[in-house]
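Participant: model the structure of this input:
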Amino acid sequence: RIKAMQNKLLVGGDLLTKAEKQQAELRAAEQALREKEAYQRNLTQELAAREDLKIDLAERFSSIDEEVEKKTRKLEKLIKKLSVAEKELADLSTEFQREREDLLDTIRQLAKQIKLKEHIADH
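Facilitator: So this is what the prediction gives:
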């Protein structure tokens, strides 16, 4: 009977050791699970941050593209205005040159008339 009780104690002791070992393994598995969950949370946060950055960059590029487009249109308008102004300047310069030549012709004709009148007056 004592022998049977000792065997039961030994078996119970083995079971206790086995249970303690399983608890230690369970604690280690739980710790590993917590670490994996923390790692996964970090990865999720990093992914969300990268997505936000990607969206910000896309919006920034979109804004830059829009700005470039607006400035290009404005530049094209200014180039057209410049072209019109240059043509007007060329027209005015041509007109001024014609008027100058007309005035010089008038001065020459008047000078000839004065010389003729002086010549007539002298004789």
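
Participant: for residue 2, give me the pLDDT.
Facilitator: You'll see residue 2 listed with a pLDDT of 77.

Participant: roughly how far does it sit from residue 50?
Facilitator: 71 Å (Cβ to Cβ, to the nearest Å). Quick note: C-beta positions are derived from backbone N, CA and C, even for glycine.

Participant: so between those two, which is more surrounded?
Facilitator: Taking neighbours as other Cβ atoms under 10 Å, residue 2 and residue 50 compare with residue 50 leading, 10 against 6.

Participant: mind telling me what element the more buried one is part of?
Facilitator: helix 2-122 (DSSP states H and E).

Participant: tell me the gap between that helix and the middle of its chain.
Facilitator: Centroid separation for helix 2-122 versus its chain: 0 Å, with Cα atoms, centre = their mean, to the nearest Å.

Participant: and the residue sitting nearest the centre point of the chain, what's its pLDDT?
Facilitator: In the chain, the centroid-proximal residue (Cα atoms, centre = their mean) is residue 61; its distance is 3.5 Å. In this prediction, residue 61 carries a pLDDT score of 79.

Participant: how about residue 65?
Facilitator: Looking at residue 65, the pLDDT reads 84.

Participant: distance of it relative to residue 22?
Facilitator: For residue 65, the distance to residue 22 - Cβ to Cβ - is 63 Å.

Participant: number of residues surrounding residue 103?
Facilitator: Considering only other Cβ under 10 Å, residue 103 is surrounded by 10 other residues.

Participant: my bad, should have said residue 107
Facilitator: 10.
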